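**Q** Turn this into a structure:
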Amino acid sequence: MMAGAQKAIIISTIILLLVFQSAVPTFANPTSKVTTQKISMYGTSAPLSLSSGTTSFQVDQDTASELPPPSTYQVNKLIPFSGLQPVRTSADQIPSTPGSAVASTNPGLSGFNGLNHRDQRLAGTGVYANTQFSLEPPDQGLCVSSSYVLEAVNTALVVYDTAGTKLTAPTPLNQFFQLAPEVIRGANPVFGDFATDPKCYFDSASSRWFISLVTISQDPSTGNFLPSAHQLLAVSKTSNPTGKWFLYSIDVTNDGTDGTPSHPNCPCFGDQPLIGADANGFYVSTNEFPLFVSGFNGAQIYAMSKSGLESGTITNLQQISAGSYTIPNDVGPTYSLQPATVPPGGSFAPSAEYFLGALQLNSATDNRIALWALTGTDSLATSSPSVSLSMAVVQTELYGGTPAGTTNAVQKDGPTPLGSSFQPAEKLEFISTNDDRMNQVVFAGGNLFAGINTVIKTQNGPAVNGIAYFIITPSISGGTLSGSIAKQGYVAVNNEYVMFPSIGVNSAGKGVMAFTLSGSDFFPTAAYVVIDAVSGAGPVHIAAMGAAPEDGFTGYYNFGFPSGVSRTARWGDYSAAVAAPDGSIWFANEYISGGPRTLLANWATFVGNVVLP
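**A** Numbers count the residues shown, from 1 in each chain. Predicted coordinates:
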């Protein structure tokens, strides 16, 4: 979800859908609109440096211009009719599980504290010093090679060696992408480019790094959005991520200007971009929302030659409007199509890129997943690309919705310096679990691995937020796409909440699913399970125990955010997990470390590594 400026979730009416409709697997291959669109290289990034931003200003005491302009709160949109509806359905339509055990030991685990809110707020050198906003949540990005670990959060990035030593200072993403600073503070603040939702990927086949980012232009005087939105990409020139990068821009306004297609109610922006790659292409999938009116145009896929990006020669890409696909028994367009990545040493699907998407659109829960395939990807590097998108519905276990009467997780009580500074003191925040859109997808050993948030009932507690995971075997035969379940299941802890899963899988099909654990007995904690297609998910491991409650501004009424009315702090919006060339799994999660913070937020991240047996 578009992280950035709290991308606060605004919803005027919650639709309570009472009828669950069973699903029979069906297949669809409707006509989709594929257009050729330009991609522009606009520069080369400067090498990243260890020079850190200034700390001479008192960020802990000065809240002037700390929060982004209100216009930015519309990003990170809810998908119409999707899973942030409270569940109002019979007990037999809520997934149930005995609950996962919590392990007492963590074999093969190592790790270190990653970026935190203070790092992000203080990042920047030169004209970018003291230009960062206070933001929640971090929106976690992570990619690794055998020598480097690159971590990205909402508006900053850093490179470590594999021992956790910083090789660069935290760098604002606006500085890295050569955008205008977020804000130049003063009596009359000057607002720069709004940037959010970073993702990153290391391509082991070519030893190149990729970073994606959403940007929306803003009026320098007011901070209001202007009718211009872009998807930015950075691709490293070498295997060293601290060196120079190609910088690319894709116009996603889609209002018929600048060579873009003309979509309903645009100018638009591409929310929560999701990235993936196969042997031939690099793929970005977005959720398209109008900038100035209500509406939703569904998922958009941008497919481009990977070799063209890496060499700096690419000029065009293929845009596929997937939102027009008709799915039986559903209302509304498709959303959040998560493209797959392949681990180092893994085998790519022949000339095809797979995607997965949730289908909980018109019921409290659902038992279907959409499997998608973009075929003809070997043509992306040619002068006449010819790609085709197809979809198959795979029947699965139940998932969806959120616990009845709430859309958030509880957390263990403890000291809240920010919340307690008000008179009367603010109450302990809840933590947003967002909706049930598809998270990170990995294609390994012939299977697709993915997980999503879901309502779930354990044996000894009420309905809470848990995780549903799916391991799906895709197949393309005679031009027909199909899929079957290799393994599926749930992760839940009795009377606690788990949320925002990401699965990293190595070429042998062994993986780790990372997520946040929170509840009446846990401060927000970084956790994980080991997973594979034979045994499923194992017990829950604590990677980094939370040390205090979430105490950030987005869940407090005094800051005027819509989420503050319900005492719900922004969290996530996603985690990250990825296999390294040695087969170990790296992951990064938001948690509360209890370490250095700013006045307005105390989120932190943990970067972990698990060596699997």
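
**Q** Point out where the stretch 451-600 of the chain drops to low pLDDT.
**A** The model of the stretch 451-600 of the chain has pLDDT under 70 over residues 562-565.

**Q** where along it do the helices fall?
**A** 562-565 (DSSP state H, counting those that start in this stretch).

**Q** go on, the stretch 151-300 of the chain?
**A** 173-176.

**Q** can I assume Gln120 is in contact with Asn154?
**A** Yes. Counting by C-beta atoms under 8 Å, Gln120 touches Asn154, with 6.6 Å between them. Yep, even glycine has a C-beta here, placed from its N, CA and C like the rest.

**Q** any shared contact partners between these two?
**A** Leu135, Pro138 (C-beta atoms under 8 Å, 6 or more residues apart in numbering).

**Q** so where do the strands sit in the stretch 51-200 of the chain?
**A** In the stretch 51-200 of the chain, the strands defined using DSSP state E, counting those that start in this stretch lie at 96-97, 109-116, 141-144, 148-153, 156-161, 171-172, 183-184, 190-191, 194-203.

**Q** looking at these, which is closest to Met304?
**A** With C-beta to C-beta as the criterion, Met304 lies closest to strand 194-203 of these, at 13.1 Å.

**Q** and that closest one, which strands flank it?
**A** strand 208-218 (antiparallel) (DSSP bridges).

**Q** for the strand it pairs with, the distance to its chain's centre please.
**A** Distance, stretch centre to chain centre, for strand 208-218: 13 Å (C-alpha atoms, centre = their mean, to the nearest Å).

**Q** Put the alpha carbons of that strand into CSV.
**A** Taking Å, rounded to 0.1, in the frame of the first residue of the first chain, the C-alpha atoms of strand 208-218 are listed here in CSV:
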residue,chain,number,x,y,z
ARG,A,208,21.9,-6.3,-10.9
TRP,A,209,19.7,-4.5,-8.4
PHE,A,210,16.2,-3.0,-9.0
ILE,A,211,14.3,-0.4,-6.8
SER,A,212,10.8,0.7,-7.6
LEU,A,213,9.0,3.8,-6.2
VAL,A,214,5.7,5.7,-6.7
THR,A,215,5.7,9.5,-7.1
ILE,A,216,3.0,12.1,-7.4
SER,A,217,3.7,15.7,-8.2
GLN,A,218,2.6,18.3,-5.6
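
**Q** for it, what is the average pLDDT?
**A** Throughout strand 208-218, pLDDT has a mean value of 97.

**Q** ok, which stretches of the stretch 351-500 of the chain are strands?
**A** Along the stretch 351-500 of the chain, counting by DSSP E, counting those that start in this stretch, strands occupy 352-358, 366-375, 388-399, 408-409, 430-432, 441-444, 447-458, 463-477, 480-491, 496-505.

**Q** Note down every partner strand of the fifth one and its orientation.
**A** Looking back up the chat, that one is strand 430-432. Assessed with DSSP bridges, strand 430-432 is paired to strand 408-409 (antiparallel), strand 568-569 (parallel).

**Q** residues in contact with the last one?
**A** Right, the one you point to is strand 568-569. Glu136, Thr407, Asn408, Glu429, Phe430, Ile431, Ser432, Glu550, Gly552, Thr554, Gly555, Ser563.

**Q** if you skip the residues just before and after it, what's nearest to the fifth one?
**A** When the adjacent residues along the chain are set aside, Phe430 lies closest to Asn408, with 3.7 Å between them (C-beta to C-beta, 6 or more residues apart in numbering).

**Q** Give the bridge partners for the one you found, please.
**A** When bridges are called by DSSP bridges, Asn408 pairs up with Ser432.

**Q** what about it, how many residues close to it?
**A** Asn408 has 24 neighbouring residues, counting by other C-beta atoms under 10 Å.

**Q** got it, and Ser207?
**A** 15.

**Q** residues contacting it?
**A** Ser145, Thr238, Ser239.

**Q** What does the pLDDT read for the last one?
**A** Translated: Ser239. 98.

**Q** ok so, going back, which residues sit in contact with the residue nearest to Phe430?
**A** If you count contacts by C-beta under 8 Å, 6+ apart, then Asn408 has Thr402, Phe430, Ile431, Ser432, Thr433, Ser566, Thr568 around it.

**Q** Nearest to Lys487 among the residues you listed?
**A** Taking the contacts of Asn408 together and measuring to Lys487 by C-beta to C-beta, the closest member is Thr433, at 23.9 Å.

**Q** I'd say the closest one and Phe515 touch.
**A** No. The criterion here is C-beta under 8 Å, and Thr433 misses it with Phe515 at 10.7 Å.

**Q** Pull up the overlap in contacts between the two.
**A** With C-beta under 8 Å, 6+ apart as the test, Thr433 and Phe515 both reach Met499, Phe500.
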